[in-house]
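Q: next come a sequence and a model predicted from it.
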Amino acid sequence: MIGKFFRGFIDGALSTLGIVIGASSASSSVIIAAGIGGAFANGISNVLSAFSAERVEQYRELREIENAMVVKELKDSAVEDSMHQETLHAGVIDGLATIVGGALPIFPYFWLEPWPAMLVSSLLVVGCIFAIGMHLGRVSRRSMLIYGLKMAVFGILVAVAVYYIQHLIVL
């Protein structure tokens, strides 16, 4: 389940970073409102999408088990109940992690002006996804530094791309 947490966290952090950078020409209160709204909507979306995807996968596995059995139906069984609980758990973890990750880039806007807050937000997100990449490298027994740097580069690319998109649109 830690993988689902990391997936949701990265999704929330990067998408909300995109929102706050995209709104960087606005006041801090507008940026905060946009960031919170985006993080919350993204979190709910991830709960629903993770729940739906996990459920489809669980029912596919349930059908495979049924096909391998003499008794052909596991409806209302302990196996189905267990799969239901796992599906719900996965969706909630993914969605809550998205909201937690989405909150990260918003915090600096409570204390700083938009320009320095955008820089601090970007550094926080890039730092967190670098750390997640290092952890993934360690778990997969690959180079922690390479994994961390790859994740950081993607974070930097998102921040830079959204920054330039914002400047192209808001003249």
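A: Everything's here; your move.
Q: my guess is Arg55 meets Leu88, correct?
A: No - at 9.0 Å, Arg55 does not count as touching Leu88 under the criterion of Cβ atoms under 8 Å. All C-beta atoms are positioned from the backbone trio N, CA, C, and that covers glycine.
Q: quick one, phi psi at Pro105?
A: phi -70, psi -10 (degrees, to the nearest 10).
Q: isn't it up against Gly22?
A: No - using Cβ under 8 Å as the test, Pro105 is too far from Gly22 to be in contact (11.3 Å).
Q: what mean pLDDT does the longest helix anywhere in the chain get?
A: In the chain, with assignment by DSSP state H, the single longest helix is helix 28-68. What helix 28-68 shows for mean pLDDT is 84.
Q: quick check: next helix or strand after that helix?
A: Moving toward the C-terminus from helix 28-68, the next helix or strand (DSSP states H and E) is helix 78-103.
Q: so for that following helix, what gets flagged as buried?
A: For helix 78-103, burial by neighbour count (16 or more other Cβ atoms under 10 Å) applies to 80, 83, 87, 90-103.
Q: flag every buried residue along the helix or strand following that helix.
A: Next helix or strand after helix 78-103 toward the C-terminus (DSSP H and E): helix 108-111. Buried residues in helix 108-111, counting neighbours by 16+ other Cβ under 10 Å, are found at Pro108, Tyr109.
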